[in-house]
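Enquirer: pasting the structure only:
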Ligand SMILES: Cc1cc2nc3c(=O)[nH]c(=O)nc-3n(C[C@H](O)[C@H](O)[C@H](O)COP(=O)(O)OP(=O)(O)OC[C@H]3O[C@@H](n4cnc5c(N)ncnc54)[C@H](O)[C@@H]3O)c2cc1C
């Protein structure tokens with residue numbers, strides 16, 4: 001009835017890469033709708049942060065739109081005068097860590113080209129709307145948008161990316177709307193409004209914390225910044241690039257079969273990993289080599305772990321994994337070191353026990369690990385950097401509520417992200433893969449373990465796109 005229509009909900013990197021890969025690979029023209037409320041395609045949450053100190057957390061060559069044009073962003077940046085716009089992008093290790101908005105500019109430019117012309121002559125349309133509901137109809141779905149439009153489609157792909165952060169306990173009760181509490185670290189306006197002489201608490205100590213410290217530091221922050229995390233793990237830095245070898249392209253690493261030493265139970269995999277990391281370091285190498293080998297094939301390893309192992313990982317190993325996996329760009333590492341040296345920034349290992357409204361301030365009791373020492377402090381601003389909500393049922397995104405309410409998909413058994421099959425087809429509440437409803441990117445984290453960074457999402461799309469095209473052409 002509709003021909004070959006596919007509607008992608010979300011026009012961040014995932015949605016754009018999918019549209020590009022489909023239109024590259026389709027044997028006949030498709031009609032591809034991208035529903036994305038932002039005015040530009042490609043920025044999403046990650047690359048829309050217009051702070052000059054928010055940089056890509058990995059070198060340029062790790063970021064691309066489609067696997068066959070993996071070098072293009074690097075060339076685009078250099079050829080378009082990226083190093084004149086931002087000489088500091090070139091780090092001492094010889095790699096370029098561009099501002100995140102540069103990648104958004106590149107992707108949106110490429111998408112504009114795709115909308116004009118593409119190999120399959122597919123019609124790609126950006127519908128600047130927010131999807132709020134999705135209803136099954138004969139041979140497809142009807143998507144309802146916030147403005148009341150109805151879009152009928154043979155297949156639908158959810159590429160809605162990072163779920164918004166939510167207030168952690170104890171702030172989730174009365175203090176969520178307190179003026180001193182900032183629930184989303186992506187709300188840059190609120191962070192920019194923090195007075196330079198105030199005392200700030202950051203809850204969480206991952207890369208988002210580093211972005212916040214970068215913004216505050218540039219604003220000349222003079223008050224204290226305390227970053228508290230339960231495990232005390234701070235993001236690590238990158239290894240220098242090898243001197244004598246051309247680095248393998250990240251896409252190739254992600255597509256390779258897992259090596260045999262990464263077979264086995266969760267415990268065996270981590271024991272082997274730690275052993276290899278130590279061996280590399282003992283031979284004057286870097287722990288990054290063994291770690292990256294594991295990271296690249298997490299999508300092959302994670303699905304084989306039992307539910308119990310996955311829960312054990314989340315409880316005991318995830319902070320360690322994340323601090324090694326999500327690394328600081330050298331420029332941001334330098335900003336953190338500087339703030340530490342100037343005694344503006346302090347890291348604490350512990351957790352917030354209670355929080356009380358004290359007018360313009362919030363008084364917080366911290367339980368400092370490992371001795372359970374209590375500390376009471378008053379803060380003028382508290383920024384939640386604990387990460388996005390993991391359970392889709394707990395997010396406020398109406399499209400998540402819709403597909404759950406209509407039983408089109410269920411949460412994973414570990415309540416992280418949606419359940420999908422190996423081809424990213426949504427699995428209904430009754431355990432049946434939906435033949436024409438797909439989910440890509442971070443909402444599939446519970447199934448694939450680490451479909452978070454650019455190369456991993458793009459590889460995931462590369463693997464699932466043939467199934468989606470097959471579904472369309474079989475109609
Ligand atoms: C702050 C931050 C920085 C990051 N930095 C890097 C980095 O440097 N390098 C790297 O490789 N990875 C980085 N990542 C990981 C990042 O998740 C991926 O690289 C990638 O950008 C994810 O793209 P996405 O399209 O899946 O998600 P998003 O970028 O979150 O985009 C999802 C889009 O879906 C839209 N959407 C959501 N709900 C609806 C709806 N109901 N209707 C219509 N549209 C909707 C949103 O408006 C949004 O534009 C970062 C992530 C974050 C959060």
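Expert: Noted; the coordinates are in hand. What you see is a predicted model, and the numbers here were worked out from it, not measured in a lab.
Enquirer: every contact and neighbour count from this point should use C-alpha atoms.
Expert: Fine.
Enquirer: quick one, strands of the stretch 1-150 of the chain?
Expert: 5-9, 31-35, 123-127, 131-137, 140-145, 150-153 (DSSP state E, counting those that start in this stretch).
Enquirer: so which of these is nearest residue 252?
Expert: Nearest to residue 252 among those is strand 5-9 (26.1 Å), distances taken as CA to CA.
Enquirer: buried set for the closest one?
Expert: Residues 5, 6, 7, 8, 9 are the ones in strand 5-9 that count as buried (16 or more other CA atoms under 10 Å).
Enquirer: out of the strands of the stretch 1-150 of the chain, which comes closest to residue 303?
Expert: Comparison of the strands of the stretch 1-150 of the chain against residue 303 by CA to CA identifies strand 5-9 as nearest, at 25.3 Å.
Enquirer: who's in contact with stretch 210-225?
Expert: Outside stretch 210-225, the residues that touch it by CA atoms under 8 Å, 6 or more residues apart in numbering are 51, 53-54, 185, 191-192, 194-202, 328, 332, 335-336, 339, 343-346.
Enquirer: where does the protein dip in pLDDT?
Expert: The model of the chain has pLDDT under 70 over residues 1-3, 244-247, 474-475.
Enquirer: near the ligand, which residues of it show up?
Expert: Near the ligand, the residues belonging to the chain are 9-15, 35-38, 44-46, 56-58, 130-132, 159-162, 397, 399, 441-442, 452-454 when assessed by CA under 6 Å from any ligand atom.
Enquirer: what sits against residue 129?
Expert: Residues in contact with residue 129 (CA under 8 Å, 6+ apart) are 35, 36, 37, 38, 145, 146, 147.
Enquirer: neighbour-wise, which one of the residues you listed leads?
Expert: Among these, the one with the most neighbours (other CA atoms under 10 Å) is residue 35, at 26 neighbours.
Enquirer: give me the distance between residue 203 and the ligand.
Expert: 15 Å (CA to the nearest ligand atom, to the nearest Å).
Enquirer: just give the number of residues close to that residue.
Expert: Residue 203 is flanked by 23 other residues according to other CA under 10 Å.
Enquirer: please name the bridge partners of it.
Expert: residue 228, residue 384 (DSSP bridges).
Enquirer: ok, longest strand in the protein?
Expert: Ranked by residue count under DSSP state E, the longest strand found in the chain is strand 345-358.
Enquirer: can you show me the helices along the stretch 51-200 of the chain?
Expert: 72-79, 82-85, 100-116, 188-192 (DSSP state H, counting those that start in this stretch).
Enquirer: can you point out the buried residues in the first one?
Expert: Burial within helix 72-79, assessed by neighbour count using 16+ other CA under 10 Å, is assigned to 72, 73, 74, 77.
Enquirer: likewise the shortest one?
Expert: Of the residues in helix 82-85, those with enough neighbours to count as buried (16+ other CA under 10 Å) are residue 82.
Enquirer: which other residues reach that helix?
Expert: Identification of contacts with helix 82-85 by CA under 8 Å, 6+ apart yields 77, 89, 90.
Enquirer: who touches the closest residue in space to the last one that isn't next to it in sequence in this structure?
Expert: Put plainly, it is residue 90. Using CA to CA, 6 or more residues apart in numbering and skipping the chain neighbours, the partner closest in space to residue 90 is residue 96 (4.5 Å). Residues in contact with residue 96, defined by CA under 8 Å, 6+ apart, are 59, 60, 89, 90.
Enquirer: for these, pick the one with the most neighbours.
Expert: residue 89 (24 neighbours).
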